[in-house]
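Colleague: structure for this input, please:
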Amino acid sequence: MIDLTGHRKDYATRGLHELEAGDNPLELFENWLRDALASDLPEPYAMTLATATTNGKPSARVVLLRNFDTRGLVFFTNYQSRKGIELDANPQGALVFYWPEVERQIRIEGNVRQVSREDSDEYHLKRPVNSRIGSVASPQSSVIANREHLEAMVDDLRQRFPEGPPRPQHWGGYRLEPLEFEFWQGRPSRLHDRIRFTLTDGKWIRDRLAP
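Modeller: Sure, this is the predicted structure:
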């Protein structure tokens, strides 16, 4: 048994007022992400992605944000992985960024769809050769016999494609198109600031949630 009831942290560095939040969550998200990048945090672009099957069984894992613009947030993966299969059947997702060093968290929910083949090809070519080999070699989320089996597939690809293999059709990008943002700023005594934006009839509606 591990008792963690005595482990507590009080948050007191800053707050989040409606005037600071503004009216556009995309702008606020960009500002917070730039702050996190400038703070030299470990992998500030890492985000938890939650998906679910059509009957509601959830799963979550950490993926890396690779692009962000007004259309949404882009990450890349194997379309035949568990998350790919779930997103194909139930194209909705939830993201969480957590930056404890700056006492901030962002939750984002929305619809998810594959990016264009051109966008996937472009990103694939930007990756280091070994990363490209690894993503092609791995039948992500599938059972494999042992580590040696995986390494043998990597060695085979490295010999056949010393400049890096082409992008397979089952690997590429997804874009989460936001329908809701929640910005969380830690405050003392657990009286945190929570500002939510919900897209309604093409317009972002802002409100405050109780901590």
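Colleague: hey, let's count contacts and neighbours off CA atoms from now on
Modeller: Noted.
Colleague: just checking, Ala36 is part of a strand?
Modeller: No: counting by DSSP: H, G, I helix; E, B strand; the rest coil, Ala36 falls outside a strand, being helix.
Colleague: count the neighbours of the residue lying closest to it once chain neighbours are set aside for me.
Modeller: Distance criterion CA to CA, 6 or more residues apart in numbering; nearest residue to Ala36, sequence neighbours excluded, is Pro44 at 6.0 Å. When neighbours are counted by other CA atoms under 10 Å, Pro44 registers 19.
Colleague: quick one: contacts for Pro44?
Modeller: Leu33, Ala36, Leu37, Phe97, Trp99 (CA atoms under 8 Å, 6 or more residues apart in numbering).
Colleague: who's in contact with Ile108?
Modeller: Contacts of Ile108 (CA under 8 Å, 6+ apart): Ala94, Leu95, Val96, Pro178, Leu179, Glu180, Phe181, Glu182.
Colleague: and of those, the nearest to Val154?
Modeller: Leu95 (30.9 Å; CA to CA).
Colleague: to the chain's geometric centre, what's the distance from stretch 172-182?
Modeller: When distances are taken as CA atoms, centre = their mean, to the nearest Å, stretch 172-182 is centred 9 Å away from the chain's centroid.
Colleague: for the residue most central in space within the chain, which non-adjacent residue is spatially closest?
Modeller: Of all residues in the chain, the one closest to the mean position by CA atoms, centre = their mean is Met47, 3.7 Å from it. Sequence neighbours aside, Phe97 is the residue nearest to Met47 in space, at 4.9 Å (criterion: CA to CA, 6+ apart).
Colleague: could you report the neighbour count for the one you found?
Modeller: 20.
Colleague: one step back: before we move on, what SS does the residue nearest to the centre of the chain have?
Modeller: strand.
Colleague: that one and Val63 touch, don't they?
Modeller: Yes: using CA atoms under 8 Å, Met47 is in contact with Val63, at 5.6 Å.
Colleague: and the helices in the chain?
Modeller: All helices of the chain, identified by DSSP state H, fall at 18-21, 25-38, 82-89, 117-126, 129-137, 147-160.
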